[in-house]
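# Fold the stuff below for me.
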Amino acid sequence: MNFEQLINARQSDRKYDTQPIDRALLVRCLEAARIAPSACNSQPWKFVVVDNPKLLAGMKEAAAGMGMNKWVTDVPVIVAVVLEKMNLTARIGSVIKDKEYSLLDVGIAVEHFCLQATELGLGTCIIGWFDEKKVKKLLDIPKRRVPLLISVGYPASEHRKKVRKPLEEMSSWNKY
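Model (predicted):
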């Protein structure tokens with residue numbers, strides 16, 4: 001699959017086959033995230049892969065709170081993305097420029113993970129609505145933030161046609 005096919009195939013999947021995922025495929029996704037670029041090569045992330053059935057049940061409960069994300073019940077893997085501390089150079093730059101580089105960096109790494117999963121025939125969904133305190137307790141995460149979860153599995157629904165703003169509405173040349 002070429003890059004254009006890959007970005008068109010990548011979508012947020014919310015229906016999964018319960019088939020387990022070979023760890024070698026997940027390692028390839030982790031490797032794609034590992035090589036993602038980051039500000040000052042800070043690499044401020046850690047990906048915690050949850051495939052243990054007991055832990056996974058707790059993660060699903062944490063992700064499906066307040067009536068959201070009910071579809072996680074069939075997900076065979078959930079990845080918690082932990083925001084690690086930036087290196088000194090990135091921290092200084094982040095303060096001087098008033099930009100949270102670590103969140104930008106995590107976004108890039110997460111998308112690398114998801115694009116690799118898509119290329120391998122796996123579906124993903126980046127989840128921002130979940131009980132972070134519960135996730136941190138389940139996974140013994142120290143005083144760190146968990147900004148995102150990623151569901152991973154074999155998609156069990158059709159690929160949807162992308163509905164996006166027209167190019168002219170989302171971009172411009174030489175001025176706003």
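# Residues contacting the longest helix seen in the chain, please?
When the chain is scanned for its longest helix (criterion: DSSP state H), the result is helix 101-119. With contact meaning C-beta atoms under 8 Å, 6 or more residues apart in numbering, helix 101-119 is reached by 1, 6-7, 9-10, 25, 28-40, 42-45, 47, 79, 81, 83-84, 86, 90, 93-94, 123-124, 126, 147-148, 150, 152. For every residue, glycine as well, the C-beta is placed using N, CA and C.
# Go through those residues and flag which are in strands.
45, 47, 79, 81, 83, 123-124, 126, 147-148, 150, 152 (DSSP state E).
# are any of those buried, and which?
45, 47, 79, 81, 83, 123-124, 126, 147-148, 150, 152 (16 or more other C-beta atoms under 10 Å).
# Return the backbone torsion pair for residue 141.
Here is the backbone geometry of residue 141 (degrees, to the nearest 10): phi -80, psi 130.
# isn't it right up against residue 84?
No - under the criterion of C-beta atoms under 8 Å, residue 141 makes no contact with residue 84, lying 10.5 Å away.
# Among the buried ones among the ones in strands among the contacts of helix 101-119, which pair sits farthest apart?
For these, the maximum inter-member distance is 24.2 Å, found between 83 and 123 (C-beta to C-beta).
# Quick check, pLDDT for residue 65.
On pLDDT, residue 65 comes in at 82.
# and if you look at residue 69?
Confidence score, pLDDT, at residue 69: 96.
# ok, it - contacts?
Per C-beta under 8 Å, 6+ apart, neighbours of residue 69: 63, 127, 129-130.
# Write a PyMOL command that selects only the buried members of those.
Remark: buried members of the contacts of residue 69, expressed as a PyMOL selection using 16+ other C-beta under 10 Å:
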select buried, resi 63+127+130
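# rewinding a little: CSV please, covering the buried ones among the ones in strands among the contacts of helix 101-119 and showing pLDDT.
Converted to CSV, those look like this (pLDDT from 0 to 100):
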residue, pLDDT
45, 98
47, 98
79, 98
81, 98
83, 97
123, 98
124, 98
126, 98
147, 98
148, 98
150, 98
152, 98
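# Just the closest of those residues to residue 164, please.
residue 126 (17.0 Å).
# how about the closest one, what does it touch?
Shown in contact with residue 126 (C-beta under 8 Å, 6+ apart): 12, 110, 114, 148-150.
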